[in-house]
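**Student:** next one to model:
(chains A, B, C and D)
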2 protein chains.
Amino acid sequence: MVTLQGVTPVPLPFASSTGSPASPASGPRRRDAAKTRQLLLDAARRRFAEDGYAATTVRDIADDAGVNVALISRYFASKEGLFEACLKTAGEELRRSTGEVGLDGIPEAIARHIAESSAGSVAGQLALLLRSSGDERADQIRLDMLRSSAGRLAALAGDGPDRLLRAEVVLAAAIGITLLRTSTGIEPLSSAGVAELTSPLRDLVGALLGDGSSGAQAGAGGHHPE
Amino acid sequence: MVTLQGVTPVPLPFASSTGSPASPASGPRRRDAAKTRQLLLDAARRRFAEDGYAATTVRDIADDAGVNVALISRYFASKEGLFEACLKTAGEELRRSTGEVGLDGIPEAIARHIAESSAGSVAGQLALLLRSSGDERADQIRLDMLRSSAGRLAALAGDGPDRLLRAEVVLAAAIGITLLRTSTGIEPLSSAGVAELTSPLRDLVGALLGDGSSGAQAGAGGHHPE
DNA sequence: ACCTCATGTAAACGACCGTTGACTTATCGG
DNA sequence: CCGATAAGTCAACGGTCGTTTACATGAGGT
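**Tutor:** Numbering: from 1, shown residues only, chains lettered A, B, ... in the order given. This next block holds a predicted model:
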């Protein structure tokens, strides 16, 4: 057996090391509660987003993560606790990725989110927003996330007394597209890439939130800053 | 309230039982397989649309319908069979209600569907489109319904090579709004009536499917990229 | 009336679910 | 090196699920 030494000199309670490479050739996995926690979170978020809360079993999640089922109860107290943790981390990522762009960048940011949520492995934050667990706390977290996202969208739209309603329609469209892609596979929507999605989304956002001055033209919006 | 009458999916032994259709104080209910079937279908469609397939139990449906659980297996063979039957009837209603309007009428038709699906008791056809059961046949029915709806929408939009994609985006928006309303209750979207919904939907449909002449009066440049 | 069968009822079955407790094993401070 | 403790494993538990089976009963044809 090969044992690596000199790693993790300080025992961190939990360092969300999402950025760390997958390290597929780790072989005999060392005992690492933080890593196990993260593996469970990633697997759970994907399952919950794709199949919904009720259709997902804790054994599914544990198998995907490659850990024992009982560890879900240990680290997250319950399936509901795991779902709440998923919502929180998804909310953070969502806020981080959409908090820096202006109205002109929104369409492409949404398109990128949608496209990556299908192709990528994690993502699916948007789909999570529509997945209900029946738990009161989880539903409250979910509603807070939705309100926050809608509020930020509405803040970018200048005029109109119903700009919050319109922002929620934009949000609903984004979520609807994501769910339609992940759970039905209808074409050509499901295979559309960022470029193909950006065009209709630009029209959609422009028509709902644009005040006419922001101009729906962009084209050279440039690359997303990551 | 819902008027369930004139349903004859199976050869009725006697059609004269409609003399007193749904009198609530009818006391001992007469044995009527057709009526029982319809009660189950209505209850199931509502439950499936609101809570999703996996979160709905056959005992829930049977209790809502006021009939015995075993009758689900008798009349629909299984929970999956009941779900498929729900999809079929929902598809018929959806087609009937949107098959007579032109592009100009689409926004209000969608708004009406959405608003009634929240206030009314049945409806929810749109939400059903996003509920997956994991069953192959059901998913196929669902996909066919989606394709048909998207195709009819796209046929109303004249130009553009991506008009099918744009039609699917409109469909996704409508479904997303419905689910956001029924499963999160976010405001002001959830309480918006037909009138309030029609306005943003007109902009949305106009921007995605309109060719510029359909009266996109949003003030913003209604010109579409060519 | 009586037989027959469709309709509805009640109870149970096997399977799977989320969760728990006792047990094993690796890791580390002393 | 050696207990102490965290990290992980295993098997089982009560409960609920969808479904089936056996039974009761209303209703129409002859």
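**Student:** phi and psi next, for A:Pro161.
**Tutor:** Note on A:Pro161: backbone dihedrals following degrees, to the nearest 10 are phi -70, psi -20.
**Student:** what's the burial count for it?
**Tutor:** 6 (other C-beta atoms under 10 Å in any protein chain shown). Placement of C-beta: from N, CA and C, glycine included.
**Student:** now do the same for it: its pLDDT.
**Tutor:** pLDDT recorded at A:Pro161 is 87.
**Student:** how about A:Ala111?
**Tutor:** We have a pLDDT of 89 for A:Ala111.
**Student:** which strand or helix spans it?
**Tutor:** helix A:106-119 (DSSP states H and E).
**Student:** would you mind naming what in chain A lies close to DNA strand D?
**Tutor:** Within chain A, the positions adjacent to DNA strand D are A:Arg29, A:Arg31, A:Asp32, A:Ala33, A:Lys35, A:Thr36, A:Val67, A:Asn68, A:Val69, A:Ala70, A:Leu71, A:Arg74 by C-beta under 7 Å from any atom of the strand.
**Student:** pLDDT score assigned to the fourth one?
**Tutor:** According to the model's per-residue confidence, A:Ala33 sits at a pLDDT of 93.
**Student:** isn't A:Thr36 up against A:Phe76?
**Tutor:** No: checked against C-beta atoms under 8 Å, the pair A:Thr36 and A:Phe76 is beyond contact range at 11.0 Å.
**Student:** quick one, helices of chain A?
**Tutor:** A:33-51, A:58-65, A:70-76, A:79-98, A:106-119, A:125-128, A:136-156, A:163-183, A:194-209 (DSSP state H).
**Student:** which one, of those, ends up nearest to B:Ala55?
**Tutor:** Taking C-beta to C-beta, helix A:33-51 is the member of these nearest to B:Ala55, at 11.6 Å.
**Student:** which regions of chain A lie under the pLDDT threshold?
**Tutor:** Along chain A, segments meeting pLDDT under 70 span A:1-29, A:117-124, A:211-226.
**Student:** hmm, 50 instead?
**Tutor:** Applying pLDDT under 50 to chain A picks out residues A:1-27, A:119-122, A:213-226.
**Student:** find the nearest non-adjacent residue to the closest residue to chain B within it, please.
**Tutor:** Nearest residue of chain A to chain B (C-beta to the nearest C-beta) works out as A:Gly176 at 2.5 Å. Once flanking residues are discounted, A:Gly176 sits nearest to B:Gly176: 2.5 Å by C-beta to C-beta, 6 or more residues apart in numbering or on different chains.
**Student:** state the distance from the one you found to A:Val67.
**Tutor:** Applying C-beta to C-beta, to the nearest Å, the value for B:Gly176 to A:Val67 is 34 Å.
**Student:** could you do A:Thr184 as well?
**Tutor:** Computed as C-beta to C-beta, the A:Thr184 to A:Val67 distance reads 31 Å.
**Student:** the more surrounded of the two?
**Tutor:** Taking other C-beta under 10 Å, A:Thr184 and A:Val67 do not tie; A:Thr184 has more neighbours (22 against 19).
**Student:** residue contacts, the most centrally placed residue in chain A?
**Tutor:** Residue closest to the mean C-alpha point of chain A, counted by C-alpha atoms, centre = their mean, is A:Gln125 at 1.9 Å. Counting by C-beta atoms under 8 Å, 6 or more residues apart in numbering or on different chains, A:Gln125 makes contact with A:Arg45, A:Ala49, A:Ala90, A:Gly91, A:Glu93, A:Leu94, A:His113, A:Ser117.
**Student:** without its sequence neighbours, what residue ends up closest to A:Leu126?
**Tutor:** A:Thr178 (4.4 Å).
**Student:** was I right about that neighbour contacting A:Ala127?
**Tutor:** Yes: contact criterion C-beta under 8 Å: A:Thr178 and A:Ala127 qualify, at 4.9 Å.
**Student:** neighbour count winner among these two?
**Tutor:** More neighbours surround A:Thr178 than the other of A:Thr178 and A:Ala127, with 27 against 24 (other C-beta under 10 Å).
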